[in-house]
Each structure stands twice: as structure tokens, then as C-alpha cells.
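*Asks:* sequence first, predicted coordinates after that:
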Amino acid sequence: TATAIAIAIGFSSTFLAWAVLDFKGFSEYPELLRRVTETQFEKSYSVAAFAASLGLPDDAALVVPIVLVPIGIAAIALLSRQSNGDAAAFVTAVTTALLLSPLVWLHYFALLVVLIALTHRRFTWVWLLPLAYWVVPYQETRAEAWRIAVGLGLALVVWAVCVRRATT
């Protein structure tokens with residue numbers, strides 16, 4: 001039931017936001033998103049950008065996150081079935097959404113602090129992990145694989161530490 005409520009709230013709030021705008025630009029919005037993604041994704045910290053930086057053609061690189069979505073959904077479902085798995089499932093859902101987005105800018109990783117706060121209520125070394133993003137201080141990756149790998153890798157480390165804490 002919580003999932004149904006969340007979906008209903010998501011759809012209704014999106015509908016209301018577009019209604020406030022009199023649905024101006026609604027039909028053009030998907031095309032705008034597609035164009036922005038195609039022109040900007042290689043500069044971002046996304047899985048698609050990482051695939052492109054390793055030599056995959058752009059069209060194929062943009063499909064990589066889509067192929068990985070079922071793995072993320074399966075992980076969320078498995079964690080949610082464990083006792084005390086709600087926090088771990090939430091951490092996994094946020095991380096999956098972050099990592100599989102076609103565009104991920106450096107400041108998106110600030111969401112990781114929320115996951116740390118949820119699972120580590122007292123100050124520990126985990127709170128210092130986001131400081132490692134100073135290694136890649138630029139908003140754009142310049143399509144350099146190492147920068148993207150650092151960004152994604154740190155997110156995965158935070159995810160693993162938070163899930164471990166949430167399930168113990």
C-alpha cells in the first residue's frame with residue numbers, strides 16, 4: 001500500500017505542477033529531455049557517460065543504464081523483503097536512481113549525505129566519504145573515464161556501507 005500511495009502522490013503532484021503551467025510545453029518536454037541527454041550525457045558522471053568514455057558508441061552507451069534497471073529493481077525488491085530491510089531498500093532505490101540517470105552532475109552526489117544520515121546517526125568515518133569528491137572538483141567530467149569512475153565508485157562505496165549498516 002505504501003508503494004501505491006507513493007505512486008499516486010508522484011503522479012498527482014506531477015499533474016498539478018503541469019496544470020499550474022497550463023500544460024504549456026508538455027508535449028515538447030520529452031523531446032527536450034532527449035536532446036539535452038544526447039548533447040550533455042558524455043560530460044556527466046553517469047553510467048552512460050562511463051560506457052561512452054570506454055569507447056562504446058553513444059547510442060549503445062545510452063542503453064546501458066536501461067539494461068541495468070532490472071538489476072536495481074531486483075535489489076530493491078530483495079532488500080525490502082528482509083527484516084529491517086526498509087532502510088536498505090530505500091538506500092538502494094536512491095542509489096539506483098542516481099546511478100542510472102542519463103545525466104548525473106557532481107552535485108547530485110550530495111544525495112548520498114541523506115543516505116549516510118539515515119543509516120549513521122552519529123558521526124563516524126562514513127560521514128567523511130563525500131569529501132573524497134574533491135578529487136574530481138569539476139562539474140563536467142571532460143569525458144574522462146577516471147573522473148566518472150571515481151564519482152560512481154564513491155557512490156557505490158557509500159551505498160555498500162549504508163546497506164550493510166541498515167541490514168545489521
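*Replies:* That came in fine, so what should we check first?
*Asks:* could you report the pLDDT at the nearest residue to Arg142 once chain neighbours are set aside?
*Replies:* Ranked by C-beta to C-beta, 6 or more residues apart in numbering and with sequence neighbours excluded, the top spatial neighbour of Arg142 is Lys43, at 7.2 Å. C-betas here are computed from N, CA, C, even on glycine. Predicted confidence (pLDDT) for Lys43: 91.
*Asks:* cool, the one 5 residues further on as well?
*Replies:* Per-residue confidence for Ala48 comes out at a pLDDT of 94.
*Asks:* how about residues contacting the strand or helix carrying it?
*Replies:* Using DSSP states H and E, Ala48 sits within helix 47-53. Residues from elsewhere that reach helix 47-53, judged by C-beta atoms under 8 Å, 6 or more residues apart in numbering: 41-43, 58, 60-62, 64-65, 68, 99-100, 102, 104, 141, 143-145, 148-149, 152.
*Asks:* immediately after it, which helix or strand?
*Replies:* Next along from helix 47-53, by DSSP H and E: helix 58-80.
*Asks:* for the helix or strand following that next one, which positions count as buried?
*Replies:* Going down the chain from helix 58-80, the next helix or strand is helix 86-99, by DSSP H and E. The neighbour-count check on helix 86-99 (16 or more other C-beta atoms under 10 Å) flags Ala87, Ala88, Ala89, Phe90, Val91, Thr92, Ala93, Val94, Thr95, Thr96, Leu98, Leu99 as buried.
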